[in-house]
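> Prediction below, plus the sequence it came from.
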Amino acid sequence: MNIIPAVSTIYMVFQVLNKLKWTGELENAEVVILHRGAPNNEKTISGKDITELKKGYFCYISGNREIHIPHHRILRVIYNGKVIWEKAHK
């Protein structure tokens, strides 16, 4: 399924995640976030764990806690093993 062209500047990350959600494909995605102290300062979150999607943040379950992650911390979105969105480097 071709969701969105890789590394697109046209689509904001919210639009990418929202499209995955409403097409039922979020569970096949992973979201890589900036996470200080983790290996390479990155953490990968399964789309299956995402519980809420808002314009400025998303929530996911970690253990028995719900965690809020602002969109500016998202580094890339992977769908079926392919990068479909990546944050532009400054």
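That came through fine.

> in this protein, which segments are predicted with low confidence?
By pLDDT under 70, the weakly predicted segments of the chain are 1-11, 90.

> one more time with 80, if that's ok
Across the chain, the ranges flagged by pLDDT under 80 are 1-11, 89-90.

> and the most centrally placed residue in it, what does it touch?
What sits nearest the mean C-alpha location of the chain, by C-alpha atoms, centre = their mean, is Val31, with 3.1 Å. Applying C-beta atoms under 8 Å, 6 or more residues apart in numbering, we find Val31 in contact with Leu17, Thr44, Ile45, Gly47, Ile50, Phe58, Ile69, Ile74, Arg76, Val77, Ile78. Any C-beta I mention is one placed from the backbone N, CA and C, and that applies to glycine too.

> switch the cut-off to 6 Å
Listed by C-beta atoms under 6 Å, 6 or more residues apart in numbering, the contact set of Val31 reads Ile45, Ile74, Val77.

> And for Gly47?
Counting by C-beta under 6 Å, 6+ apart, Gly47 makes contact with Leu26, Glu27, Ala29.

> hmm, back to that, out of the contacts of Val31, flag the one nearest to His89.
Ile74 (13.7 Å; C-beta to C-beta).

> Most distant residue from the centre of the chain?
Asn64 (20.3 Å).
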